[in-house]
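Participant: test case, fold it:
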Amino acid sequence: MKQNVSTNSRPSGVLGQITVVAVTGGPCAGKTTLIEKVRNVASSMPNVQVFFAPEAATILLKSGLNPKSCGDAETFQRFVLEQQLKLEEHAYTAALKYAKQDDAHKAIIVCDRGLMDGAAYFADFADFENLLAEYRMKTEDVYKRYDKVVFLRSAAVGAPEFYTTMDGTPRSETIDEAIMRDKGVYDVWCNHHN
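Facilitator: The predicted model follows:
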C-alpha cells in the first residue's frame, strides 16, 4: 500500500473558499491556451488567488520518462499518478494557507488534467482501479477531488486541419489516435457530478 501521498481530504472551514477545477480533454484541445487565459484574467481579481497544478505526464515526458523508457505503460501511468497527486497536493496546501488568511480570500486550483485522465491510458479500466486501490482511492474519491471539470474537445475531432504535433508539446498521436484518446478521456470523466 502506498501511503506517502495524501489523497486530499478537505478541511470543512474553507470549503466555500477553495474551488478545484480539472481542465481536461483530448490531445490538441486548447487546454494550455485556456489555462494561460485563466492565469491572465485571474491576476487582476482582488482577493482571488489562482494556483496551478501542471500536467504531470508532460513533466515526466520532458524529463525523458515515457512508457518505453519505464518498461511499460502501466509503470509510466503509476509515475504520472504519483506526480499528479503531489502537484495537486502542493497547490492545495498553498490554497489552504491563502484561504485561512482572510475569510474574504477565494482560491482556485486549476489542474492541467486530473487523476482520471490516467484511466484513458489503460486498456482495462479495472487495471486503473487497481492502481487507485494502492493509494486507498476509488473512482468516486477521484471525482470528489474536483469541484468542476472542463472538458475540451480535441481539434482532431471537429477541426482536423488545426490538429498539430508541432506546437512544442510532447504530443505524438496521429489524428485517429487523438480522436480515440479524446473519446477515452471523455468517457472516464463523463460521470463527474459537475
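Participant: remind me what the longest helix anywhere in the chain packs against, helices and strands.
Facilitator: The helix that spans the most residues within the chain, counting by DSSP state H, is helix 73-101. Counting contacts by 3 or more Cβ pairs under 8 Å, 6 or more residues apart in numbering; DSSP states H and E, helix 73-101 is packed against strand 18-25, strand 48-53, helix 56-62, strand 106-112, helix 125-134. Where you see a C-beta, it was placed from the backbone N, CA and C, and this is true even at glycine.
Participant: what angle sits between that helix and helix 125-134?
Facilitator: 50 degrees (axes from the mean of the first three to the mean of the last three Cα atoms, to 10 degrees).
Participant: chain center to helix 73-101, what's the gap?
Facilitator: 9 Å (Cα atoms, centre = their mean, to the nearest Å).
Participant: return the set of buried residues in it.
Facilitator: Going by neighbour count (16 or more other Cβ atoms under 10 Å), the buried part of helix 73-101 is 74, 76-85, 87-88, 91-92, 95-96, 98-99.
Participant: export stretch 178-194 as PDB, just CAs?
Facilitator: The C-alpha trace of stretch 178-194 is given here as PDB (Å, rounded to 0.1, in the frame of the first residue of the first chain):
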ATOM      1  CA  ALA A 178      -6.100  11.700 -30.900                       C
ATOM      2  CA  ILE A 179      -9.800  11.000 -31.700                       C
ATOM      3  CA  MET A 180      -9.600   7.700 -29.800                       C
ATOM      4  CA  ARG A 181      -7.800   9.400 -26.900                       C
ATOM      5  CA  ASP A 182     -10.400  12.200 -26.800                       C
ATOM      6  CA  LYS A 183     -13.200   9.700 -26.500                       C
ATOM      7  CA  GLY A 184     -11.300   7.800 -23.900                       C
ATOM      8  CA  VAL A 185     -10.700  10.900 -21.700                       C
ATOM      9  CA  TYR A 186     -14.400  12.000 -22.100                       C
ATOM     10  CA  ASP A 187     -15.600   8.500 -21.200                       C
ATOM     11  CA  VAL A 188     -13.600   8.400 -17.900                       C
ATOM     12  CA  TRP A 189     -14.800  11.900 -16.800                       C
ATOM     13  CA  CYS A 190     -18.400  11.900 -18.100                       C
ATOM     14  CA  ASN A 191     -19.800  10.600 -14.800                       C
ATOM     15  CA  HIS A 192     -18.400  13.500 -12.800                       C
ATOM     16  CA  HIS A 193     -21.100  15.400 -10.900                       C
ATOM     17  CA  ASN A 194     -20.100  18.800 -12.400                       C
END
